[in-house]
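Asks: Would you be able to build a 3D model of this:
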Amino acid sequence: MVYFAKWKIALVIAVCLLGVAFAAPNMFDRQTTADLPGWLPNQQISLGLDLQGGSHLLLEVEAQTVINERLESIVDSVRTTLRAERIRYTGLGVKDDAVSVQIPKNEQIEQAYDLLRKLDTGAETVTEGHKISISLTEQAIIDAKRSAVEQSIEIVRRRIDETGTKEPNIQRQGDERILIQLPGIDNPEDVKRLLGKTAKMTFHLVNHNVSADDLVSGRLPPGTIALPDAQNEQRLIAVRRKVEVSGDMLIDSQPTFQDGQPVVSFTFNALGGKKFGHVTTNNVNRSLAIVLDGKVISAPNINGPILGGSGIITGRFSVAEANDLSLLLRAGALPAPLVILEERSVGPGLGADSVAAGKIASIVGLLGVIAFMVMSYGRFGVYADIALMFNIILIAAALSVLQATLTLPGIAGIVLTIGMAVDANVLIFERIREELKNGLGPIAAVDSGYKRAIKTIVDANVTTLIAAVLLYEFGSGPVRGFAVTLAIGILTSLFTAVMVTRLLVVMWLRRTKPKTMNI
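Replies: Here you go, the predicted structure:
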């Protein structure tokens, strides 16, 4: 452990210098770093709402849309069921939050009623003369609205904070509202643009038998609808109403390039891939419309069967539009549109006094640790304090590169790792003390001390790292921020305690070659 290869020395020095370079922009204001050349590190740590201001958005989920969609689904099921049994019907449609249909023949009413009351377990079916009405039960409506809000919250979280490092505060407010607080975002237009799209994607076959005159006049054959072209909304495209493949079967979506143009690649799950392969196999030389939020974004021709469960969406996108579309599809479709009810800026939640007190407490604690190490271990304590400074610098550098948002829980994670980094040095130095008492020389004692302590240090840090991973996986918001800083601190403390401190000790031993040593 005393031998230090030249490449290891170069690696330790390079990592420390890079840490200083990437952490340095945090010492200056944002305008100064923005004016730096592009090849220099210029990213800074973002501060959370409790350390700085941010934006406040209050959204409302239009949950009635979910109810309407479910009723429309019942209409399609009624049509399919009655046609399959050759039961004549008239007046099928939705009115006053209920599906109604007229059965002209008396002898078919009872048969139709028996069939239709089994269509939806959350629906209530009643007959009144020749009329059959199907309406959702009160409990089914409550459950559908609750599910829509909960699903919207999760998808909003994924869209805003895909990496889990921005720490937005997203929570339910009332029955159909969502409160969002975004740290450090004074102009939330990009976020509003992402949240304003339902991102519900479906695949439909294009009906080529409909003429332009029929589209303009609205004379469409049964089972066909006219949808606007996303590139030119004045142009209408006739597509089959039937959804061939639904976007909820997507498992991944990424921006990429094809022939130098931005496109969006997508991948289906096993069931979606099978359906997509079946549709493309049976409809070669027909057009398949890709519909997003009621608009046709692309209608490519099916040149041959696509059996791999993946494809590419083209549509004259810009790079930013391709990135946004892939993010929206990856995060999932909102079950219902979101309406922005309130938008305003907010100040630090904990107040400047609390933040200032936290800074003072951190500095006093750090100075106390430094003094303790020097008084307890002398020269070796100084080396540990130097490594501790590099540990803090490397944490700041990592947070800057990741563009993570730092809040008070995140600072708590950093303070915790500072103590853990000192613990590692304490274990090593105490081992060296024991070896010196057992009669070993300075070099042999240092070598044995590091060898014996390293297993304990790694075991303790890996255990804590597992806890950090679990916090990140199952937590959200500030909990995830704490987990991120804790995990980064564990890795940097392992590096500084084992590599940086040992390098300083080895360099001192090589330079002075002491016959005796006292820690």
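Asks: Every contact and neighbour count from this point should use C-alpha atoms.
Replies: Noted.
Asks: what does the average pLDDT come to for stretch 295-313?
Replies: What stretch 295-313 shows for mean pLDDT is 83.
Asks: in stretch 387-403, what's buried?
Replies: 387-388, 390-403 (16 or more other Cα atoms under 10 Å).
Asks: can I assume residue 238 is in contact with residue 212?
Replies: No. With contact defined as Cα atoms under 8 Å, residue 238 does not count as touching residue 212 (9.2 Å).
Asks: Which of those two has more residues huddled nearby?
Replies: More neighbours surround residue 238 than the other of residue 238 and residue 212, with 25 against 13 (other Cα atoms under 10 Å).
Asks: gap between that one and residue 224?
Replies: 7 Å (Cα to Cα, to the nearest Å).
Asks: Repeat that for residue 403.
Replies: 48 Å.
Asks: tell me the phi and psi of residue 284?
Replies: Residue 284 adopts backbone torsions of phi -60, psi 140, taken as degrees, to the nearest 10.
Asks: Return the set of buried residues in the helix ranked longest in the chain.
Replies: The residue-count maximum for a helix in the chain (DSSP state H) belongs to helix 442-474. Buried positions in helix 442-474, judged by neighbour count with 16+ other Cα under 10 Å: 442-443, 445-450, 453-454, 457, 461, 464-465, 468-469, 471-472.
Asks: picking that back up, so which of the buried residues of stretch 387-403 comes closest to residue 508?
Replies: Comparing those against residue 508 with Cα to Cα places residue 387 closest, at 14.7 Å.
Asks: distance between the strand or helix carrying that closest one and the chain's centre?
Replies: Residue 387 belongs to helix 379-402 when assigned by DSSP states H and E. Centroid separation for helix 379-402 versus its chain: 29 Å, with Cα atoms, centre = their mean, to the nearest Å.
Asks: which secondary structure elements does the following helix or strand past that helix contact?
Replies: Going down the chain from helix 379-402, the next helix or strand is strand 405-406, by DSSP H and E. Secondary-structure packing of strand 405-406 (3 or more Cα pairs under 8 Å, 6 or more residues apart in numbering; DSSP states H and E): strand 46-47.
Asks: Tell me which residues are up against the strand it packs on.
Replies: For strand 46-47, the surrounding residues in contact (Cα atoms under 8 Å, 6 or more residues apart in numbering) are 183, 184, 400, 403, 404, 405, 406, 407.
Asks: Then stretch 205-220?
Replies: Residues from elsewhere that reach stretch 205-220, judged by Cα under 8 Å, 6+ apart: 224, 226, 236-240, 244, 286-289, 299.
Asks: For stretch 387-406, give the mean pLDDT please.
Replies: Taken as a whole, stretch 387-406 carries a mean pLDDT of 86.
Asks: now do stretch 12-31
Replies: 85.
Asks: Which of the three states applies to the closest residue to residue 290 other than its chain neighbours?
Replies: Closest residue in space to residue 290, ignoring its immediate chain neighbours: residue 203 at 4.8 Å, by Cα to Cα, 6 or more residues apart in numbering. Under DSSP: H, G, I helix; E, B strand; the rest coil, the three-state class of residue 203 is strand.
Asks: Looks like residue 203 contacts residue 243 (just checking).
Replies: Yes. Using Cα under 8 Å, residue 203 makes contact with residue 243 at a distance of 5.9 Å.
Asks: more neighbours, those two?
Replies: Neighbours were counted for residue 203 and for residue 243 using other Cα under 10 Å; residue 203 has more, 24 against 14.
Asks: ok, residue 267 - contacts?
Replies: Listed by Cα under 8 Å, 6+ apart, the contact set of residue 267 reads 250, 251, 252, 253, 273, 309, 310, 311.
Asks: again, only using 6 Å
Replies: Residue 267 is in contact with 250, 251, 252, 309, 310, counting by Cα atoms under 6 Å, 6 or more residues apart in numbering.
Asks: Kindly provide the distance from the fourth one to residue 201.
Replies: Put plainly, it is residue 309. 16 Å.
Asks: Which residue of those two possesses the greater neighbour count?
Replies: Taking other Cα under 10 Å, residue 309 and residue 201 do not tie; residue 201 has more neighbours (23 against 18).
Asks: thinking that one is in contact with residue 249, fair?
Replies: No. Using Cα atoms under 6 Å, residue 201 is not in contact with residue 249; the gap is 9.9 Å.
Asks: in which helix or strand would I find the closest residue to residue 307 other than its chain neighbours?
Replies: Nearest residue to residue 307, sequence neighbours excluded (Cα to Cα, 6+ apart): residue 277, at 4.6 Å. Using DSSP H and E, residue 277 sits in helix 270-282.
Asks: next one: residue 221
Replies: Short version: residue 221 belongs to no helix or strand, going by DSSP H and E.
Asks: So what's the residue count around it?
Replies: For residue 221, the count of nearby residues is 13 (other Cα under 10 Å).
Asks: got it, and the one 4 residues further on?
Replies: By the other Cα under 10 Å criterion, the neighbourhood of residue 225 contains 19 residues.
Asks: Which strands border the helix or strand that it is a member of, and is each parallel or antiparallel?
Replies: In this structure, residue 225 sits in strand 224-228 according to DSSP H and E. Here strand 224-228 has these sheet partners by DSSP bridges: strand 236-240 (antiparallel).
Asks: which element is residue 340 on?
Replies: Taking DSSP H and E as the definition, residue 340 sits inside strand 338-346.
Asks: Packing partners of the next helix or strand after that strand?
Replies: As assigned by DSSP H and E, the chain's next helix or strand after strand 338-346 is helix 351-377. Counting contacts by 3 or more Cα pairs under 6 Å, 6 or more residues apart in numbering; DSSP states H and E, helix 351-377 packs against helix 379-402.
Asks: Show me what the helix it packs on packs onto, helices and strands only.
Replies: Helix 379-402 packs on helix 6-23, helix 351-377, helix 501-512, going by 3+ Cα pairs under 6 Å, 6+ apart.
Asks: ok so, going back, which residues sit against the strand holding residue 340?
Replies: Strand 338-346 has contacts (Cα under 6 Å, 6+ apart) with 53, 54, 55, 56, 57, 58, 59, 60, 61.
Asks: can you list the residues you listed in JSON lines and add secondary structure, pLDDT and neighbour count?
Replies: Listed next are these as JSON lines, based on DSSP: H, G, I helix; E, B strand; the rest coil; pLDDT from 0 to 100; neighbours: other Cα atoms under 10 Å:
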{"residue": "53", "secondary structure": "coil", "pLDDT": "72", "neighbour count": "20"}
{"residue": "54", "secondary structure": "strand", "pLDDT": "75", "neighbour count": "24"}
{"residue": "55", "secondary structure": "strand", "pLDDT": "78", "neighbour count": "20"}
{"residue": "56", "secondary structure": "strand", "pLDDT": "78", "neighbour count": "21"}
{"residue": "57", "secondary structure": "strand", "pLDDT": "84", "neighbour count": "19"}
{"residue": "58", "secondary structure": "strand", "pLDDT": "87", "neighbour count": "20"}
{"residue": "59", "secondary structure": "strand", "pLDDT": "88", "neighbour count": "21"}
{"residue": "60", "secondary structure": "strand", "pLDDT": "90", "neighbour count": "21"}
{"residue": "61", "secondary structure": "strand", "pLDDT": "89", "neighbour count": "24"}
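Asks: Fine by me, we can end here.
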